[in-house]
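>>> A predicted structure for the sequence below; I have some questions about it.
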Amino acid sequence: MSAEPRHVLLVTGMSGAGKLTVLRTLEDMGWEVVDNLPLNLLRWMLRAPMTDDGEPVQPLAVSLGAHTRAFDSERLIDLVTQLNKQGGYDVGTLFLDCGTPELERRYSETRRRHPLALDRPAVDGIEQEREILEPLRRWANRLIDTTALKANELQADIRAAFGGEQAVTPTLTVVSFGFSRGLPRNADLVFDMRFLRNPHWVPGLREGTGLDAAVVEYIRNDPAYEDTVRRIEELLCVLVPRYGAGGKSYVTIAIGCTGGKHRSVHVADRVARRLREAGFSPTLLHRDLRTAPQDSLTRSPPSAT
């Protein structure tokens, strides 16, 4: 048995109140989730081995509702009480409530049928479900009323309640690219390095890349370089945690120049290193580093006037 009890959260409540949103949010936070588990399988599932090959034990979220097989509020309360007394598990219950008019509106908008009123008005199923769940609502140790909550607000409440001290860190990608070949797909933040002087127009540097020392030195000697790039790094160190707090799972930072070979490559490399120093783990990609020149702008230097 693990030294620490496994945290288990039973997610229940009114159909349409946001159980699926809660499960998806917890899954993004690293929880194992099981949706609509029949009550008579709960004890069996918890008896299964908690981990394989020494992997850390993840917290577990299980969704149950009045429409799942063999559901009974009093029976569920007794089962959770027994599990907590036995040890090995720390079982909590989250009840999601929502006002009847709002639930009616949600069912009307989504054109879904209430699971307890497939051939009757949704309000009939809502009231029947509320009666079935009332003992569980009174007993649950956590309750969230989603009547006035939007999905993103419910997600924020779940992250605040169950995220612990460590904020969710989005998966970061820093990509260099050339504007002549279009913006990267799914870019969240785009920084344009075309204001820096271009090594392409220096014959001795044209065939190099932003990974070469001579090219890097040329770029760094631009008077606007240091202050601007430093401010971009500071901005990213503020924004990335905010994206995580907002529940964003992936953030792509795109840094571009004309051809994607010199300025953007060096700045992307520097920004990625700065983010690593700040405790993040970005993936660095150079999309256009090895591509051939595409157009006349990147093939030949400007003519002298």
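Nice, I can see it.

>>> Skip ahead from the top helix by length along the chain and say which helix or strand is next.
Criterion DSSP state H: the longest helix present in the chain is helix 225-245. Moving toward the C-terminus from helix 225-245, the first helix or strand encountered (DSSP states H and E) is strand 250-257.

>>> Could you name the helices and strands sitting against whichever helix or strand comes after that next one?
Toward the C-terminus, strand 250-257 is succeeded by helix 263-277 as the next helix or strand (DSSP H and E). The contact analysis (3 or more Cβ pairs under 8 Å, 6 or more residues apart in numbering; DSSP states H and E) places helix 263-277 against strand 171-178, helix 213-220, helix 225-245, strand 250-257, strand 283-286. Heads up, the C-betas are built off the backbone N, CA and C, glycines and all.

>>> Quick one: closest of these to T12.
helix 225-245 (27.0 Å; Cβ to Cβ).

>>> just the CA coordinates of that closest one, formatted as PDB?
Coordinates of each C-alpha in helix 225-245 appear next as PDB, following Å, rounded to 0.1, in the frame of the first residue of the first chain:
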ATOM      1  CA  TYR A 225      18.700  44.300 -30.500                       C
ATOM      2  CA  GLU A 226      19.500  43.900 -26.800                       C
ATOM      3  CA  ASP A 227      16.800  46.100 -25.300                       C
ATOM      4  CA  THR A 228      14.100  44.800 -27.600                       C
ATOM      5  CA  VAL A 229      14.900  41.100 -27.200                       C
ATOM      6  CA  ARG A 230      15.300  41.500 -23.400                       C
ATOM      7  CA  ARG A 231      11.800  43.100 -23.200                       C
ATOM      8  CA  ILE A 232      10.300  40.200 -25.200                       C
ATOM      9  CA  GLU A 233      11.900  37.700 -22.800                       C
ATOM     10  CA  GLU A 234      10.500  39.600 -19.800                       C
ATOM     11  CA  LEU A 235       7.000  39.700 -21.400                       C
ATOM     12  CA  LEU A 236       7.100  36.000 -22.100                       C
ATOM     13  CA  CYS A 237       8.100  35.200 -18.500                       C
ATOM     14  CA  VAL A 238       5.000  37.100 -17.400                       C
ATOM     15  CA  LEU A 239       2.600  35.700 -20.000                       C
ATOM     16  CA  VAL A 240       3.400  32.000 -19.900                       C
ATOM     17  CA  PRO A 241       2.300  31.500 -16.300                       C
ATOM     18  CA  ARG A 242      -0.800  33.500 -17.000                       C
ATOM     19  CA  TYR A 243      -1.700  31.200 -19.900                       C
ATOM     20  CA  GLY A 244      -1.200  28.200 -17.500                       C
ATOM     21  CA  ALA A 245      -3.400  29.800 -14.900                       C
END
